[in-house]
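*Asks:* mind folding the following:
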Amino acid sequence: MTQEIRPTIDADLVRRLIADQFPQWANLPVRRVDLDGWDNRTFRLGDNLLVRLPSATGYVPQIEKEHRWLPHLVPHLPLPIPAPVAKGQPAAGYPFPWSVYRWLPGEPAATGHIADHRAFAADLAAFLGALYRIDAADGPPAGAHSFYRGGSLAVYDPETRAAIATLADEIDTGTVAAIWEEALATTWQGSPVWVHGDVAVGNLLVDDGRLSAVIDFGSSAVGDPACDTVIAWTFFTGESRAVFRRDLPVSPDVWVRGRGWAMWKALILIAQQRESIPARADEHRRILREVISDYRAFGKIRSCIVPRGWDWDETLFQGSAPFYARGRPPYAPDLAAVLVAALDLDGSGRLLDVGCGPGTVALLLADHFAEVVGVDPDAGMLAEAENAAAVAGVINTSWVCARAEELPLAPGTFRLATFAQSFHWMDQARVAATIHALLEPNGALVHISDAKDGPLNPVALPEPSPPYDAIRDLTRRYLGPIQRAGQGLLRYGSQSGESEVLRQAHFDLAHRIVIPAYEPLVRSTDDVVAWVYSLSGSAPHLFGDRLPAFDRDLRQILAVASKSGRFADQPQDTEVHIWRPSTS
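*Replies:* Next up is the predicted model:
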């Protein structure tokens, strides 16, 4: 193991190094910056340069990394970052390489005036989003040089658990351990991205009240961006945190690990400093309280994962899209009018339809919004939606192929988010928390489903009902007794309890409305066949090469049930729950 060296660094040393290696700057004044960092000692060199010297052995690899990669990053970023000017060599009793950079104007956000913390949060999220989009193919993977920023939290598992044990006399060890376990349970599923690694107020410069530059890329790496979210708890609060969470283009699991990064640092520093530097320990206690409060506010992300014993995969509705619009019973005819009246929709704002399928609800409400975004993980569904929009002449829609768990996918807020019989397939707590952050202050989440209590207006049916029991038995004969879903089995059924999940995510139920349907649903044999294939439990792909045989047997059952080839069902009422973000 390399012995840790911590040399003495002062202005006299810097003057000697400059005079010896860069004599053209020997006459420039040298003075230490007011707010210095831990990894490096920093000095002003005249008015336009600065000198940074690693404070210990462990920080030396950062020098070569910054000289190699910062020039690569500069042209792709919306704000200035340090530009290396020269690299010095060990000399004058100083054992490490060192750097000269251009001086960037501005005050550290730790002490500088920030005019609007929400704008500051949005600017920072935009900067990081741009950083994450830079080609990272050849960048340095996370490791010791970045103190594992961009890597796995598991590196710090032993010291985190030790800190929890040490602090058992003052912290809620059960909650803290749960937050930590949850962070360890998630992993970055995307391609590695560039990460800054130390997004802190000392590394963010402010000029004229706005974020003006981002400095100190010593912990930068290529990997998981979770470490860059830590500032959400160390600095941002309330609305500024909500803006940062909304605008940063990362998936919800990144925030789960980000909480872990913030908590790890807070725990170890409380344990180290509670007796020696109590004032600093108190600041880290504040951060720990913020992490715990956020965890409680946004729910236990993994407590309502998609149906128990089942893992989502992209084949859930594979092949069902062409049958969906024809096969699924329509919503009550007054659905759009009821929502327009209840939500005072006036053609402005944005609609987010989550799990949009072939665009049924998105297109129904498109005239009442300026922009509509439909999100669904099935490309076939989105192709149907896009085609339906074109046929209807609807031009204010966009369709995004993604899971709800990947939200937010781009900056911006929404007036309304709709879930039409889709929420039960999702990681409900995670998605609810994300939607909460995406809604405008007076926005709403609307959950739409078939009414469960039977029709409000039962009528005499003109045709026999579809033989549902016989269809179910036939499907089981081909696919087995346990309902299929994608590549898995729904051993325990799908999820329920949406109301409790939404309450835990800080939504209040504003309205429950049952919208009646008045006419029986009359269907042909092909309509009923389309209904069967529109279901996840009997999606066409599940039958493989037995699909023609199943189709033949299904049509034979239907022919026996109705000689006319026509069927009828009771009117299908629609139930709507309108949820608003809590005001308390």
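
*Asks:* relative to residue 484, how far out is the closest residue to residue 519 other than its chain neighbours?
*Replies:* Nearest in space to residue 519, with sequence neighbours left out and distances taken as CB to CB, 6 or more residues apart in numbering, is residue 571 at 6.1 Å. Backbone N, C-alpha and C define where each C-beta goes, glycine included. Plainly put, residue 571 is 30 Å away from residue 484 if you go by CB to CB, to the nearest Å.

*Asks:* by mean pLDDT, which helix or strand of this structure comes out lowest?
*Replies:* In the chain, the helix or strand scored least confidently by mean pLDDT, DSSP states H and E is strand 488-489, which has a mean of 81.

*Asks:* give the pairing partners of that strand; include direction for each.
*Replies:* When pairing is defined by DSSP bridges, strand 488-489 lines up against strand 484-485 (antiparallel).

*Asks:* ok now the partner strand, how far from the chain's centre?
*Replies:* The chain centre lies 27 Å from the centre of strand 484-485; the measure is CA atoms, centre = their mean, to the nearest Å.

*Asks:* could you chop the protein up by domain?
*Replies:* The chain breaks down into these domains under automatic domain parsing: 11-102, 107-298, 321-581.

*Asks:* how about these in JSON lines, adding mean neighbour count?
*Replies:* Putting these into JSON lines (neighbours: other CB atoms under 10 Å) gives the following:
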{"stretch": "domain 11-102", "mean neighbour count": "17"}
{"stretch": "domain 107-298", "mean neighbour count": "19"}
{"stretch": "domain 321-581", "mean neighbour count": "18"}
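
*Asks:* do you know how far the closest residue to residue 503 other than its chain neighbours is from residue 296?
*Replies:* Excluding its sequence neighbours, the residue lying closest to residue 503 (CB to CB, 6+ apart) is residue 509, at 7.9 Å. For residue 509, the distance to residue 296 equals 20 Å [CB to CB].

*Asks:* try residue 376
*Replies:* 31 Å.

*Asks:* again, but for residue 383
*Replies:* 41 Å.

*Asks:* again, but for residue 289
*Replies:* Residue 289 is 11 Å from residue 296, by CB to CB.

*Asks:* look through the protein and tell me its longest strand.
*Replies:* strand 439-450 (DSSP state E).

*Asks:* low-confidence ranges in this structure?
*Replies:* Applying pLDDT under 70 to the chain picks out residues 1-3, 297-310, 491-497, 584.

*Asks:* what are the phi and psi values at residue 91?
*Replies:* phi -180, psi 170 (degrees, to the nearest 10).

*Asks:* tell me who's in contact with it.
*Replies:* 16, 17, 20, 21 (CB atoms under 8 Å, 6 or more residues apart in numbering).

*Asks:* rerun at 7 Å
*Replies:* Contact analysis of residue 91 by CB atoms under 7 Å, 6 or more residues apart in numbering lists 17, 20, 21.

*Asks:* same question, residue 339
*Replies:* By CB under 7 Å, 6+ apart, the contact set of residue 339 is 345, 365, 446.

*Asks:* quickly note the distance from it to residue 323.
*Replies:* On the measure of CB to CB, residue 339 and residue 323 end up 26 Å apart.

*Asks:* my reading is that the residue nearest to residue 519 lies in a helix. Confirm?
*Replies:* No: note on residue 571: no helix contains this position according to DSSP: H, G, I helix; E, B strand; the rest coil, which reports coil.

*Asks:* hmm, back to that, so what touches the longest strand of the chain?
*Replies:* Contacts to strand 439-450, defined as CB under 7 Å, 6+ apart, come from residues 331, 339, 343, 361, 413-421, 423, 435, 498, 507, 572, 574-581.

*Asks:* restricted to strands, list the residues you listed.
*Replies:* 414-420, 507, 574-581.

*Asks:* reformat the contacts of residue 339 as CSV; add distance to residue 120.
*Replies:* CSV is the format used below for the contacts of residue 339 (distance: CB to CB, whole Å):
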residue, distance to residue 120
345, 33
365, 35
446, 32
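
*Asks:* now stretch 174-181 - C-alpha only, CSV.
*Replies:* What follows is stretch 174-181, C-alpha atoms only, in CSV (Å, rounded to 0.1, in the frame of the first residue of the first chain):
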residue,chain,number,x,y,z
GLY,A,174,-34.2,1.2,11.7
THR,A,175,-35.1,4.0,9.2
VAL,A,176,-31.5,4.8,8.4
ALA,A,177,-30.7,1.1,7.8
ALA,A,178,-33.8,0.8,5.5
ILE,A,179,-32.7,3.8,3.4
TRP,A,180,-29.3,2.3,3.1
GLU,A,181,-30.5,-1.2,2.1
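
*Asks:* which SS class is residue 42?
*Replies:* strand.

*Asks:* may I have the beta-bridge partners of it?
*Replies:* Legend: beta-bridge partners of residue 42 under DSSP bridges are residue 52.

*Asks:* against residue 343, how distant is it?
*Replies:* 54 Å.

*Asks:* and what of residue 428?
*Replies:* 22 Å.

*Asks:* now swap in residue 464 and tell me
*Replies:* In terms of CB to CB, residue 464 sits 39 Å off from residue 343.

*Asks:* and residue 543, by the same measure?
*Replies:* 41 Å.

*Asks:* and for residue 279?
*Replies:* Residue 279 is 50 Å from residue 343, where distance means CB to CB.

*Asks:* hmm, back to that, nearest to residue 167 among the contacts of residue 339?
*Replies:* residue 446 (43.5 Å; CB to CB).

*Asks:* all helices of the stretch 101-250 of the chain, in order?
*Replies:* 117-133, 157-166, 173-185, 231-234, 238-247 (DSSP state H, counting those that start in this stretch).

*Asks:* please convert the ones you listed to CSV, extending it with distance to residue 335.
*Replies:* What follows is these, written out as CSV (distance: least, CB to CB, whole Å):
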stretch, distance to residue 335
helix 117-133, 35
helix 157-166, 50
helix 173-185, 38
helix 231-234, 38
helix 238-247, 28
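
*Asks:* quick one: which of the ones you listed is nearest residue 7?
*Replies:* From those, taking CB to CB, the stretch that ends up closest is helix 157-166, at 26.2 Å.

*Asks:* the inter-axis angle of the closest one versus helix 173-185?
*Replies:* 170 degrees (axes from the mean of the first three to the mean of the last three CA atoms, to 10 degrees).
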